[in-house]
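Engineer: have a look at this fold, sequence not included:
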């Protein structure tokens, strides 16, 4: 009896398609690389030269994903922005430590390689790296039939930055410092499971709602360039990336012992998408715990530096004061209410 010919391709994995995709990434990243010294894409590991003139450098790393925002991208068949989200979620964490992002790697796992979909994701990642002034130096694309259902995928990112020891943003916050909000571009990449739950329960057809179609896939704002400029000038005492957990949970992560960030919620300038979500039956407590509510990043600065920092941001992302640092054992105190 003749035996069957088992192949990897018959099991659902197409190595040739994967190889062609790697070639696409390699050719796409050549234009964006600051240094062509090493050919990293397609190799076993990525080589990167350490930045020059660093006397006592510390390595800072961050990894993240975009959560169930990928389900919205799948539903709308639009994949050119979630790559920006992926980069932003990682590099915005690095700058909180005072680090400059240097390199980025991605991981994409998918049921079956869809070249058009993957190319759009990678284009977004490359754009995100350009916004963050770092290089895409490698990654992994895994075709996983049987693990994901048809059309499903996931993405994750990993970023590395460097900072001089004396410039690490730890324990520099003091009493009377101001807490300054930098606006978000929208939802960023948090709270989408709740958003999708609302859409399902309210029977909202996302494909037919032009406002939500545009709003839900707005990419996360990359704050790297203006924040690095402020760090260079020593205008920042501390900062926080406002992601899952909202204002309170993220700000408390950077407040030293015996200090408190007093936040006045009535000063928060929220955005239309958050007012829409609130109107669908989400409590204020849940809004604050789940979403950024219009604040994507927070700076903690000396009062005399406030006017100096404004010029580094475009009008849409102009910072404004929402609180101050006081002596208290409660790391964050929220008062007042947001004007929805």
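Structural biologist: That came through, no problem. Computed from a prediction, not measured in an experiment: that's the story for all the values here.
Engineer: nearest the geometric middle of this protein, what residue?
Structural biologist: residue 89 (1.7 Å; CA atoms, centre = their mean).
Engineer: name the helix or strand for it, please.
Structural biologist: For residue 89, the host element (DSSP states H and E) is helix 82-96.
Engineer: contacting residues for the residue lying closest to the residue nearest to the centre of the chain once chain neighbours are set aside?
Structural biologist: Excluding the flanking residues, the one nearest residue 89 by CB to CB, 6 or more residues apart in numbering is residue 64, at 4.0 Å. Every C-beta, even on glycine, is put in place using the N, C-alpha and C of the backbone. Residue 64 makes contact with 86, 89, 90, 93, 156, 157 under the criterion CB atoms under 8 Å, 6 or more residues apart in numbering.
Engineer: relative to helix 82-96, how tilted is the helix or strand where the last one lies?
Structural biologist: In this case it means residue 157. Taking DSSP H and E as the definition, one finds residue 157 inside strand 153-164. The directions of strand 153-164 and helix 82-96 differ by 30 degrees, with axes from the mean of the first three to the mean of the last three CA atoms, to 10 degrees as the criterion.
Engineer: in the chain, where is pLDDT below threshold?
Structural biologist: 1-4, 6-8, 10-43 (pLDDT under 70).
Engineer: swap in 90 and give it another go.
Structural biologist: 1-55, 112-113, 138-140, 142, 144-146, 148, 151, 170-171, 329-330 (pLDDT under 90).
Engineer: and the helix ranked longest in it, what other elements does it pack with?
Structural biologist: Using DSSP state H, we find that the single longest helix of the chain is helix 115-132. Applying 3 or more CB pairs under 8 Å, 6 or more residues apart in numbering; DSSP states H and E, one finds that helix 115-132 contacts helix 15-30, helix 82-96, strand 100-110, strand 135-143, strand 153-164, helix 224-232.
Engineer: tell me how far the fourth one lies from the chain's centre.
Structural biologist: Yep, that's strand 135-143 we're talking about. Distance of strand 135-143 from its chain centroid, counting by CA atoms, centre = their mean, to the nearest Å, is 17 Å.
Engineer: report all helices and strands that it contacts.
Structural biologist: Packing partners of strand 135-143 (3+ CB pairs under 8 Å, 6+ apart): helix 15-30, strand 100-110, helix 115-132.
Engineer: go through that strand and flag the buried ones.
Structural biologist: 135, 136, 137, 138, 139, 141, 143 (16 or more other CB atoms under 10 Å).
Engineer: quick one: the third one and residue 62, what's the gap?
Structural biologist: So the one you mean is residue 137. From residue 137 across to residue 62, the span is 15 Å (CB to CB, to the nearest Å).
Engineer: what is the burial count for residue 203?
Structural biologist: 6 (other CB atoms under 10 Å).
Engineer: go on, residue 175?
Structural biologist: 12.
Engineer: ok, it to residue 292 distance?
Structural biologist: Taken as CB to CB, the span from residue 175 to residue 292 is 26 Å.
Engineer: next: residue 329.
Structural biologist: Residue 329 is 26 Å from residue 292, where distance means CB to CB.
Engineer: contacts for stretch 272-279?
Structural biologist: Stretch 272-279 is contacted by residues 186-187, 194-195, 198, 215-216, 284, 287, 291, 293-294, 340 when judged by CB under 8 Å, 6+ apart.
Engineer: please point out which parts of it sit buried.
Structural biologist: 273, 274, 276, 277, 278.
Engineer: closest one to residue 45 out of these, please.
Structural biologist: residue 273 (40.8 Å; CB to CB).
Engineer: tell me which element that closest one is part of?
Structural biologist: Going by DSSP H and E, residue 273 is in helix 272-279.
Engineer: and if you look at residue 170?
Structural biologist: Residue 170 belongs to no helix or strand, assigned by DSSP H and E.
Engineer: and what of residue 322?
Structural biologist: Using DSSP H and E, residue 322 sits within strand 320-327.
Engineer: show me what that strand is packed against.
Structural biologist: So strand 320-327, by 3+ CB pairs under 8 Å, 6+ apart, packs with strand 178-183, strand 259-264, strand 295-301.
Engineer: I'd like the distance from the last one to the chain centre, please.
Structural biologist: Counting by CA atoms, centre = their mean, strand 295-301 is centred 15 Å from the centre of its parent chain.
Engineer: got it, and stretch 162-178?
Structural biologist: 22 Å.
Engineer: the chain should start at 855 in everything you say after this.
Structural biologist: Happy to do that; since the first residue is 855 now, the last one works out to stretch 1016-1032.
Engineer: buried sites along that stretch?
Structural biologist: So for stretch 1016-1032, counting by 16+ other CB under 10 Å, buried means 1016, 1017, 1018, 1021, 1023, 1026, 1027, 1031, 1032.
Engineer: the first one and residue 1095: what is the separation?
Structural biologist: Which is residue 1016. Counting by CB to CB, the gap from residue 1016 to residue 1095 is 18 Å.
Engineer: same question, the fifth one
Structural biologist: Taking CB to CB as the measure, residue 1023 falls 12 Å from residue 1095.
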